[in-house]
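Peer 1: coordinates for the following, if possible.
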Amino acid sequence: MGVEKDQRLWRGRLMDVDELFERIRKGEDLHTEFKERCPDNEDLSREIVAFANTDGGQIIIGVGDDGNIVGVEDVDMVLKRVDDVAYNRCEPPVTVVPETVSVDGKKLVVVNVPKGKQRPYRTSSGRFYVRSGSRVRQASREELLRLFQAAESIFYDETEVARASLQDIDCRYFKEFMEMAYGWKPNESQILNYLKNLRAITENKKPTLSGLLFFGKHPQFHVPYAKITAAYIPGDDISVPPADKKDFEGKIPEMLEKFMDYMRICLRIEHRINALEPELHPEIPEVAIREAIVNAVAHRDYTIASPIRVLIFRDRVEFRSPGKLPNTVTTESIKIGGAHVLRNPHIYNLLSKIGL
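Peer 2: Numbering: from 1, shown residues only. Okay, the predicted model is just below:
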């Protein structure tokens with residue numbers, strides 16, 4: 001494998017000797033793994049998959065766990081094995097860039113593994129791995145769902161909720177929703193079909209996350225973190241103890257209305273006179289508060305077991321929604337209005353149907 005080809009494939013920067021010494025001195029971490037000898041195929045595929053599923057990194061072959069540099073005797077054999085494992089024993093294949101670095105007369109092989117674009121990756125034995133600090137472990141169900149969601153292979157809000165059943169769906173409320181959204185109520189024989197069409201239940205009649213959160217009788221019984229927690233803080237920073245704190249639960253539309261009622265109490269109202277008539281002006285427009293909380297509910301990461309948190313300070317309101325920005329969205333794209341990636345398209349669709 002030619003170096004020039006490697007450099008074109010690798011989007012990062014190849015490692016120089018000084019940087020290599022520094023990495024070895026610091027020891028193994030999220031982005032660095034030492035191998036005294038070339039691992040067997042299963043171990044090597046495990047390391048490559050874990051880096052590709054997490055944030056990328058380097059496997060440095062020829063260095064012991066204690067940082068002792070022992071070198072690699074058969075560099076060609078190692079390079080061939082790395083290429084073979086990355087292509088034939090990782091699914092989908094991972095594009096890695098191995099390089100050889102000489103240190104004090106000893107040769108090391110540094111395997112550059114980029115953060116994968118087709119996550120999640122698995123080994124040929126069918127196992128999914130992620131990197132956590134300096135160790136590798138199998139991905140949890142929630143982590144796998146998050147990886148699939150980031151790749152837009154599935155959407156978490158269309159997955160079925162464990163231990164929930166059709167009896168957890170409030171059919172009376174569903175009829176009311178249909179009337180609000182479409183102007184008519186379905187009869188009893190039509191309800192199942194419309195629930196399926198809206199992805200509120202699966203083909204085997206199990207509630208999906210979006211269906212349970214929107215139409216469930218008691219959504220938080222099955223998903224206790226799917227709520228809003230608000231704290232009123234009579235100061236300018238988090239060090240001031242909250243004067244009041246409330247949790248808001250229920251179906252998503254009900255939860256949003258309860259929260260808005262609370263915000264109307266917390267926000268200061270300015271009294272103005274216009275053409276001899278008194279007018280009330282909240283310090284933050286209600287439409288802005290509603291848009292922020294609806295966006296938080298629609299776009300939060302439901303694989304993270306944490307509520308939406310709203311901090312009401314004396315001079316501002318902060319909305320803290322679980323999860324990072326969706327795949328391909330950056331703070332820069334948000335600022336220019338070019339970000340429109342739906343993390344939970346079915347929840348978003350249901351909200352839009354009733355004008356939220």
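Peer 1: so where do the strands sit in the stretch 51-200 of the chain?
Peer 2: Secondary structure of the stretch 51-200 of the chain (DSSP state E, counting those that start in this stretch): strands at 57-61, 90-91, 97-103, 106-113, 122-123, 129-132, 135-138.
Peer 1: winner for burial among those?
Peer 2: Of all the strands of the stretch 51-200 of the chain, strand 57-61 has the most neighbours on average by mean count of other Cβ atoms under 10 Å, namely a mean of 24. Every C-beta, even on glycine, is put in place using the N, C-alpha and C of the backbone.
Peer 1: show me how the record splits the chain into domains.
Peer 2: Here the domain parsing of the chain from automatic domain parsing is 3-139, 154-356.
Peer 1: among those domains, which is nearest residue 145?
Peer 2: When the domains of the chain are compared by Cβ to Cβ, domain 154-356 sits nearest residue 145, at 5.3 Å.
Peer 1: start and end of that closest one, how far apart?
Peer 2: With Cα to Cα, to the nearest Å as the measure, domain 154-356 spans 24 Å from end to end.
Peer 1: for it, what is the average pLDDT?
Peer 2: Domain 154-356 comes out with an average pLDDT of 87.
Peer 1: next one: that domain to chain centre, how far?
Peer 2: Relative to the chain's own centre, domain 154-356 is displaced by 17 Å; criterion: Cα atoms, centre = their mean, to the nearest Å.
Peer 1: same deal with stretch 138-147?
Peer 2: 10 Å.
Peer 1: buried stuff in it?
Peer 2: Across stretch 138-147, burial judged by 16 or more other Cβ atoms under 10 Å covers 139, 143-147.
Peer 1: ok, so of the residues you listed, who is nearest residue 214?
Peer 2: Closest approach between the buried residues of stretch 138-147 and residue 214, by Cβ to Cβ: residue 145, at 19.4 Å.
Peer 1: dump the strands of the stretch 51-200 of the chain to TSV, plus distance to residue 198 and mean pLDDT.
Peer 2: Output for the strands of the stretch 51-200 of the chain, formatted as TSV (distance: least, Cβ to Cβ, whole Å; pLDDT from 0 to 100):
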stretch	distance to residue 198	mean pLDDT
strand 57-61	42	95
strand 90-91	34	92
strand 97-103	46	89
strand 106-113	41	94
strand 122-123	32	92
strand 129-132	33	94
strand 135-138	34	94
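Peer 1: export the ones you listed to TSV and tack on distance to residue 257?
Peer 2: Listed next are the strands of the stretch 51-200 of the chain as TSV, based on distance: least, Cβ to Cβ, whole Å:
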stretch	distance to residue 257
strand 57-61	47
strand 90-91	47
strand 97-103	54
strand 106-113	48
strand 122-123	44
strand 129-132	39
strand 135-138	42
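Peer 1: so for residue 30, which of those sits nearest?
Peer 2: With respect to residue 30, and counting by Cβ to Cβ, the nearest of these is strand 129-132 at 6.0 Å.
Peer 1: what's the closest one in contact with?
Peer 2: In this structure, residues lying in contact with strand 129-132 by Cβ atoms under 8 Å, 6 or more residues apart in numbering are 30, 46, 49-51, 53-55, 57, 122-123, 136-139, 143.
Peer 1: one more: stretch 168-188?
Peer 2: Contacts of stretch 168-188 with the rest of the structure, by Cβ under 8 Å, 6+ apart, involve 191, 194-195, 200-201, 207, 211-212, 214-218, 221-222, 251, 350, 353-354.
Peer 1: now, of the residues you listed, which are buried?
Peer 2: Neighbour counting by 16+ other Cβ under 10 Å classes 191, 194-195, 200-201, 207, 211-212, 214-216, 222, 251, 350 among those as buried.
Peer 1: for residue 306, state which of these is nearest.
Peer 2: Lowest distance from residue 306 to these (Cβ to Cβ) belongs to residue 222, with 16.1 Å.
Peer 1: correct me, but that closest one touches residue 163?
Peer 2: Yes. Here residue 222 reaches residue 163: they are 6.6 Å apart, a contact under Cβ atoms under 8 Å.
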